[in-house]
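Visitor: Coordinates for the following, if possible.
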Amino acid sequence: MFHQLSKFFLILLVIAACSPNTKTPKDGEDILFAEHIAPIIYENCVKCHHVDGPAPFELITYKDLASKGKLIAYVTQNRIMPPWPADPSYTHFANETYLTDEQINLIQRWVDGNCLPGDTASLVQPELLTKKWDHGKPDLIVRMPEPIKVPGNNSDLFLVAKIPFELPQDTFIKAIEFVPGNKRLVHHMNAHIVQFEPNKKTNINEGEWLVNQDQSKSQEIHKQLGILHDDGSYPTMTPSVCNYLPGAQFSFYPSEVGGYKIGKKNAFYLNDIHFGPSPIAEKDSSYFKIYYAEKAPKRPVSEFQIGTLGLAPVEPKLIVPANEEKTFHIQFTVSQDISIITLVPHMHLIGKSFWAYAIKPSGDSIRLIKIPRWDFRWQYFYQPPHLLKLPRGTTIFVEGVYDNTASNPNNPFDPPREIAERNGSMKTTDEMFQLIITYVPWRKGDEEISMD
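Guide: Model prediction:
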């Protein structure tokens with residue numbers, strides 16, 4: 001207990017460095033941890049590098065950073081960390097984490113100057129820790145019936161699951177957070193909520209809870225999992241209530257949008273949970289955090305995707321011959337005024353670059369996102385700083401470049417061989433090209449709603 005309290009106290013001491021009033025050092029002035037480096041690290045790095053974060057070590061105290069000074073200088077100089085694939089010179093997003101050239105140079109100067117501590121005793125402002133990383137105590141935690149066993153066969157594992165839970169009464173939901181138990185293995189997860197009618201479903205725990213994915217036999221899978229009502233009818237299903245991708249950070253939607261109502265008998269339906277290849281057998285015990293809302297949802301969120309398995313096809317067909325670099329396009333016109341909440345670009349290992357923009361009926365362009373150097377390891381739910389309006393008749397254009405040559409270090413095959421989209425396969429060694437958009441129908445004033 002003393003160790004935990006001490007660590008927490010240290011966290012509280014240093015978080016003050018996030019203050020935007022930090023002074024820029026003058027030429028020739030010593031670069032100090034407390035005054036110059038802490039604001040950079042805590043604003044951009046600590047969201048992952050803290051005691052419960054996904055990063056392999058903490059970057060909280062002066063000692064944490066000084067002991068890894070050369071490593072930090074290297075990964076920032078080479079823009080390996082913090083991972084922010086989107087080009088900030090093209091568009092900005094809420095809660096983005098990237099370093100300016102000036103910040104990167106400050107870190108290098110601090111390391112070259114022997115990592116001087118500065119006035120660490122003055123770093124006191126504990127409330128910022130709660131604001132940044134503590135989403136509050138969840139109202140309900142829903143766990144898997146048992147750990148998922150991932151075989152050590154160096155192969156992708158795709159599963160479908162039903163995780164039932166009951167509530168004492170009809171409940172308004174504000175947000176659902178997926179917490180991966182094995183962050184190294186869980187690659188992505190898509191979850192719907194199944195709402196059973198109490199008088200039509202006697203036992204929500206009937207059937208298996210976990211089966212191997214086979215998209216061609218979805219009805220059989222639903223029967224195996226006991227998704228159907230006792231009379232064979234389908235229950236209400238709310239799609240995409242929670243999703244997870246590598247590097248994704250959970251956040252609440254603004255109070256003006258999102259949320260839904262669910263009944264007493266429910267289940268998470270994981271239509272896809274993907275574990276990456278592992279050389280050794282491991283287990284995963286991921287779970288969900290549910291946050292209740294006091295009032296009925298104002299504006300439920302909708303979603304559509306274009307490209308692979310989406311509303312608009314990839315052109316030409318997504319086939320990348322061995323030893324070639326090839327470009328593909330997606331084009332889609334929206335049929336109503338919408339306000340974009342998140343943009344999710346998606347490619348696999350040989351993706352090289354991703355670019356999306358939109359053209360209004362007036363001919364004006366809207367920048368969406370540009371990722372000059374695609375990195376399969378870091379795929380985010382990008383949120384514009386404010387809800388972003390796309391008027392009816394606006395056409396979205398997406399361009400993706402794929403590198404299937406031996407010079408691509410991420411190429412899964414040596415020597416290279418043809419890689420293609422294969423009936424919507426999500427295997428990392430096949431390919432996909434998608435833009436997934438969450439939105440609400442546009443209302444006047446949406447452009448003023450902040451996503452930060």
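
Visitor: What average pLDDT does whichever strand or helix holds Leu106 get?
Guide: Assigned by DSSP states H and E, Leu106 belongs to helix 101-112. Taken as a whole, helix 101-112 has a mean pLDDT of 94.

Visitor: List the buried residues for it?
Guide: Within helix 101-112, the residues that qualify as buried by neighbour count (16 or more other C-beta atoms under 10 Å) are Gln103, Ile104, Leu106, Ile107, Gln108, Arg109, Trp110, Val111. Glycine gets a C-beta too; all of them are placed from N, C-alpha and C.

Visitor: Would you mind extracting the C-alpha trace of it into PDB?
Guide: Taking C-alpha atoms only, helix 101-112 is exported to PDB below (Å, rounded to 0.1, in the frame of the first residue of the first chain):
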ATOM      1  CA  ASP A 101      10.400  20.300 -34.300                       C
ATOM      2  CA  GLU A 102      11.000  22.700 -31.500                       C
ATOM      3  CA  GLN A 103       9.900  20.200 -28.800                       C
ATOM      4  CA  ILE A 104      12.000  17.400 -30.300                       C
ATOM      5  CA  ASN A 105      15.100  19.700 -30.300                       C
ATOM      6  CA  LEU A 106      14.400  20.600 -26.700                       C
ATOM      7  CA  ILE A 107      14.500  17.000 -25.700                       C
ATOM      8  CA  GLN A 108      17.700  16.400 -27.500                       C
ATOM      9  CA  ARG A 109      19.300  19.500 -25.900                       C
ATOM     10  CA  TRP A 110      18.100  18.200 -22.500                       C
ATOM     11  CA  VAL A 111      19.800  14.900 -23.000                       C
ATOM     12  CA  ASP A 112      23.000  16.500 -24.400                       C
END
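
Visitor: Please, where are all the helices along the protein?
Guide: For the chain, the helices defined by DSSP state H cover 2-14, 38-44, 62-66, 69-77, 101-112, 127-133, 218-225.

Visitor: give me the number of residues near Ser358?
Guide: Slight slip there: residue 358 is Ala, not Ser. Neighbourhood size, Ala358 [other C-beta atoms under 10 Å]: 21.

Visitor: For the nearest residue to it once chain neighbours are set aside, give me its contacts.
Guide: Excluding its sequence neighbours, the residue lying closest to Ala358 (C-beta to C-beta, 6 or more residues apart in numbering) is Ile366, at 4.2 Å. By C-beta atoms under 8 Å, 6 or more residues apart in numbering, Ile366 lies in contact with Tyr357, Ala358, Ile359, Lys360, Leu388, Leu390, Thr394.

Visitor: Bridge partners for the first one, pull those for me.
Guide: For Tyr357, the beta-bridge assignment (DSSP bridges) gives partners Arg367, Phe397.

Visitor: quick revisit: now, among the buried residues of helix 101-112, which is nearest to Phe178?
Guide: Gln103 (31.5 Å; C-beta to C-beta).

Visitor: how close does that closest one sit to Arg109?
Guide: 11 Å (C-beta to C-beta, to the nearest Å).

Visitor: Thr438 now?
Guide: Taking C-beta to C-beta, one finds Thr438 at 41 Å from Arg109.

Visitor: ditto for Tyr90
Guide: 29 Å.

Visitor: same question, Phe178
Guide: Phe178 is 40 Å from Arg109, by C-beta to C-beta.

Visitor: still on that earlier bit, pLDDT score for the residue nearest to Ala358?
Guide: Model confidence at Ile366, given as pLDDT, is 98.

Visitor: Leu159 now?
Guide: 92.

Visitor: can you pull the contacts of the spatially closest residue to it that is not a sequence neighbour?
Guide: Using C-beta to C-beta, 6+ apart and skipping the chain neighbours, the partner closest in space to Leu159 is Ile273 (5.1 Å). By C-beta under 8 Å, 6+ apart, the contact set of Ile273 is Ile148, Phe158, Leu159, Val160, Ala161, Val186, His188, Met189, Asn190, Ser286.

Visitor: Next, count neighbours for the second one.
Guide: Looking back up the chat, that one is Phe158. Phe158: 17 neighbours (other C-beta under 10 Å).

Visitor: Equivalent analysis for the one 3 residues further on, please.
Guide: Taking other C-beta under 10 Å as the criterion, the count of residues near Ala161 is 23.

Visitor: mind giving me the domain split of the protein?
Guide: 2-133, 140-299, 303-448 (automatic domain parsing).

Visitor: rank those by pLDDT, which is bottom?
Guide: domain 2-133 (a mean of 76).

Visitor: give the contact list for the nearest residue to Trp374 once chain neighbours are set aside.
Guide: Nearest residue to Trp374, sequence neighbours excluded (C-beta to C-beta, 6+ apart): Gly351, at 3.9 Å. Taking C-beta under 8 Å, 6+ apart, we find Gly351 in contact with Trp374, Phe376, Gly400, Val401, Tyr402, Asp403, Glu431, Phe433.

Visitor: gap between the residue lying closest to Asn408 once chain neighbours are set aside and Trp84?
Guide: Spatial nearest neighbour of Asn408, chain neighbours left out: Ile350 (6.0 Å); criterion: C-beta to C-beta, 6+ apart. Distance, Ile350 to Trp84, by C-beta to C-beta: 21 Å.

Visitor: more crowded one of those two?
Guide: Higher neighbour count among Ile350 and Trp84: Ile350, with 24 against 19, using other C-beta under 10 Å.

Visitor: Extract the CA atoms of stretch 270-280 and return them as PDB.
Guide: C-alpha atoms of stretch 270-280 as PDB (Å, rounded to 0.1, in the frame of the first residue of the first chain):
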ATOM      1  CA  LEU A 270     -18.600  -9.800 -30.500                       C
ATOM      2  CA  ASN A 271     -19.000 -10.400 -34.200                       C
ATOM      3  CA  ASP A 272     -15.300 -10.300 -34.500                       C
ATOM      4  CA  ILE A 273     -12.400 -10.400 -32.000                       C
ATOM      5  CA  HIS A 274      -9.000 -10.900 -33.600                       C
ATOM      6  CA  PHE A 275      -5.900 -12.100 -31.900                       C
ATOM      7  CA  GLY A 276      -2.600 -11.700 -33.700                       C
ATOM      8  CA  PRO A 277      -0.100 -14.500 -34.200                       C
ATOM      9  CA  SER A 278       1.700 -15.800 -31.100                       C
ATOM     10  CA  PRO A 279       4.700 -18.300 -31.000                       C
ATOM     11  CA  ILE A 280       3.600 -19.400 -27.500                       C
END
